[in-house]
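Visitor: What follows is a predicted protein model with its sequence.
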Amino acid sequence: QKYDNDGTPTVKRTLQGFSTAATSGKFDLEPAFWFHIWGVSDGEYTNYDDYLTYADTYVSNLLRNSNTGTLAAEAAVALNVWMYVAHELYDALDDCRRTEQ
């Protein structure tokens, strides 16, 4: 999280944003992300754009259905948060590699 001098967040992160950031190229060099995309697309790599926001689409659909119980919250953690954690790990690894050079 980024803060200004008064301690107020300047950038707000959201669970939805963890998923929709995929369309900005944020995860382009991250193997874990592409492994998930390949899996949810059943290997249909020619139309992968349709699957970039799979977590957001899945969670949003669950939130619209009142019969899903806690599944939307569980899916948000399993899909959205996990992908952001994987991103942070790869980002840290990349920072270490650049520092070593």
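Guide: Yep, that arrived. These numbers were taken from a predicted model, which means no experiment stands behind them.
Visitor: who's P9 bridged to?
Guide: Y3 (DSSP bridges).
Visitor: Okay, it and Y3: tell me how far apart.
Guide: Distance, P9 to Y3, using CB to CB, to the nearest Å: 6 Å. In this view, the C-beta of every residue, glycine as well, is placed from N, C-alpha and C.
Visitor: go on, W82?
Guide: Taking CB to CB, one finds W82 at 25 Å from Y3.
Visitor: what do you get for A55?
Guide: Taken as CB to CB, the span from A55 to Y3 is 27 Å.
Visitor: Ok, V85 next?
Guide: 21 Å.
Visitor: Over to S41?
Guide: S41 sits at a distance of 38 Å from Y3 (criterion: CB to CB).
Visitor: quick one, which of these two is more surrounded?
Guide: The neighbour count for S41 versus Y3, taken as other CB atoms under 10 Å, is higher for S41 (17 against 10).
Visitor: Please report phi then psi for the nearest residue to the more buried one once chain neighbours are set aside.
Guide: Leaving aside its chain neighbours, S41 sits nearest to Y51 (4.6 Å; criterion: CB to CB, 6 or more residues apart in numbering). The phi/psi pair for Y51 (degrees, to the nearest 10) reads phi -110, psi 0.
Visitor: Before I go, just wanted to say thanks for your time.
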